[in-house]
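**Q** Need the 3D shape of this:
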Amino acid sequence: MAMGFNALRVSTPPPTSSRDLGAPRPSPLLLRPLHFLSRRNAPLSAAKKTLPSPEKTKIKSRFSYRRNGVEEEEEEEFGEEEEEEEEEGGEASSSSSFPSLSEKPDRSIALLDDYEMEELDSSDCPNHRTGYVAVLGKPNVGKSTLSNQMIGQKLSIVTEKPQTTRHRILGICSGPEYQMILYDTPGVMEKKMHKLDIMMMNNVRSASINADCVLVVVDACKVPQKIDDVLEEGIGALKQKLPVLLVLNKKDLIKPGEIAKRLEWYQKFTDVDDVIPVSAKYGQGVDDVKDWILSKLPFGPAYYPKDIVSEHPERFFVAEIVREKIFVQYRNEVPYACQVNVRNYIARPTSKDFIQVEIVVEKDSQKMILIGKEGRALKVLATAARLDIEDFLQKKVFLEVEVKVKENWRQDEGLLKHYGYGGQIRVL
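**A** Numbers count the residues shown, from 1 in each chain. So this is what the prediction gives:
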């Protein structure tokens, strides 16, 4: 009797390594405390959670087959079963739409609460600067690494594969006398294969609508080439000319003499205001980039509280972490055919948060590759994602991952907008 996977879920338990049980963790990420966000999108608490003892992972596999002409399902479980927890004590996040990333937030004091008034108060700094920065460039040049380095926390996922960034990531870098809002954008593509690619490039163009200045990131390891296509895609439709800084990234990988030659070439053959060599990976030259940006930002009060580093809700970053692990673990076309959605998020104050994630692919063959033999590949993926999610959220979680097939989802404009590629901050 032939049997095939119809759907497979992997549930991962709390941490199992000594690193995750006792190692120090970075400061927690603080997200925008918008009043209309659900609890799971509120700022994270700085208090660390005590993680429980090691447990085994449970894999739940559902098979479908036909018996006597009737389709039936069987369910098998591998490993030690996780104890079921009541959902009554938790709080589920509902799907809802959020503001456009192309609109600046309202700074009217009439709309702010006491917390925001205190955080936005810049009366003691008359020279306070604030503004928006569009970060542009071709795929795999280090835009996300640079943005993360400037913000001081990892917001954008980073892998060695090109076109890892799909969404326009809003990151906020604040200091006593400034606030710069960075738009980390997808890499500019010459050939657009799917409707998804077209919508991604629309997000690149819309990133410059509110920008006060533009960073164009290039790879110092590659032969210098003109950036006209990047500028045309990013700011070509704008009537006003914006200040442009060319960031020559990955200078740590070439000799100093080669850096000087590339600086001279870009200064001579590109229409930019300045060129700064950096190593985004190691933070070299990043302060020089910040100083240049600050010299271009207008004077004015902050748009966001100073302890907030992103407008995106937690669910967005959870999905991005899972997608990053897919890029790291799988090869060829599979990572690019995957869409990750957080279907359910139940906050439990006294126990593990419950997170249900679906991975959408276009073909049954891609689903089988993701799952692997007896679900092993998906189990490895879920465990790696869960560890990073717990580092991000600073608390233990119960992660359930399911793989589904939706043919040609990258060509479905309505579905792509629902997934958040229409330029809005959206929670699934």
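**Q** now residue 147, nearest residue through space, not along the chain?
**A** Distances taken as CB to CB, 6 or more residues apart in numbering put residue 184 closest to residue 147, at 4.1 Å, once the chain neighbours are dropped. The C-beta positions use only the backbone N, C-alpha and C, and glycine is treated the same way.
**Q** and if you look at residue 333?
**A** Leaving aside its chain neighbours, residue 333 sits nearest to residue 366 (7.6 Å; criterion: CB to CB, 6+ apart).
**Q** Need the per-residue pLDDT for the one you found.
**A** Reported pLDDT at residue 366 in the predicted model: 96.
**Q** and it, what element?
**A** When elements are assigned from DSSP states H and E, residue 366 belongs to helix 364-371.
**Q** and that helix, what does it pack onto?
**A** Using 3 or more CB pairs under 8 Å, 6 or more residues apart in numbering; DSSP states H and E as the contact criterion, the elements in contact with helix 364-371 are strand 4-12, strand 353-361, helix 376-393, strand 397-405.
**Q** And for the second one, what's in contact with it?
**A** The reference is to strand 353-361. By CB atoms under 8 Å, 6 or more residues apart in numbering, the list of residues contacting strand 353-361 from outside reads 40, 85, 87, 90, 318-319, 322, 326, 334, 337-348, 367, 370, 385, 389, 393, 395-406, 409.
**Q** out of those residues, which are buried?
**A** For the contacts of strand 353-361, a burial check counting by 16 or more other CB atoms under 10 Å picks out 40, 90, 318-319, 322, 326, 334, 337-342, 344-348, 367, 370, 385, 389, 393, 395-404, 409.
**Q** The residue nearest to residue 333 touches residue 335, doesn't it?
**A** No: look at residue 366 against residue 335 with CB atoms under 8 Å: they stay out of range, at 9.8 Å.
**Q** Outline the domain layout of this protein.
**A** Following the assignment in automatic domain parsing, the chain carries domains at 4-95+312-427, 108-296.
**Q** Give me the neighbour count for residue 273.
**A** 14 (other CB atoms under 10 Å).
**Q** picking that back up, any idea which of the helices and strands packed on helix 364-371 is most buried?
**A** strand 353-361 (a mean of 23; mean count of other CB atoms under 10 Å).
**Q** Report the inter-axis angle for that strand versus helix 364-371.
**A** Counting by axes from the mean of the first three to the mean of the last three CA atoms, to 10 degrees, strand 353-361 points 140 degrees away from the direction of helix 364-371.
**Q** quick one, strand 353-361 and strand 397-405 angle?
**A** 20 degrees.
**Q** Quick one: mean pLDDT over strand 353-361.
**A** 97.
**Q** ditto for stretch 410-423
**A** In this model, stretch 410-423 carries a mean pLDDT of 90.
**Q** before we move on, what about stretch 178-190?
**A** Over the span of stretch 178-190, the pLDDT mean works out to 91.
**Q** buried residues in it?
**A** 178-189.
**Q** With stretch 292-307 instead?
**A** By 16+ other CB under 10 Å, the buried positions in stretch 292-307 come out as 292-294, 296-297, 302-306.
**Q** Please convert these to a markdown table, extending it with distance to residue 171 and pLDDT.
**A** Formatted as a markdown table, the buried residues of stretch 292-307 follow (distance: CB to CB, whole Å; pLDDT from 0 to 100):
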| residue | distance to residue 171 | pLDDT |
| --- | --- | --- |
| 292 | 17 | 98 |
| 293 | 13 | 97 |
| 294 | 16 | 97 |
| 296 | 18 | 96 |
| 297 | 15 | 96 |
| 302 | 14 | 92 |
| 303 | 13 | 91 |
| 304 | 11 | 91 |
| 305 | 14 | 90 |
| 306 | 14 | 89 |
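**Q** Pull the most distant pair out of these.
**A** For these, with distances taken as CB to CB, the pair at the greatest spread is 292 and 305 (25.1 Å).
**Q** Sketch out the low-pLDDT regions of the stretch 101-250 of the chain for me.
**A** 101-124, 237, 239 (pLDDT under 70).
**Q** Which stretches in it count as helices?
**A** Listed from the start of the chain, the stretch 101-250 of the chain has helices (DSSP state H, counting those that start in this stretch) covering 114-120, 143-151, 195-207, 228-235.
**Q** Nearest approach to residue 278 belongs to which of those?
**A** Judged by CB to CB, the one of the helices of the stretch 101-250 of the chain that comes nearest to residue 278 is helix 143-151, at 7.0 Å.
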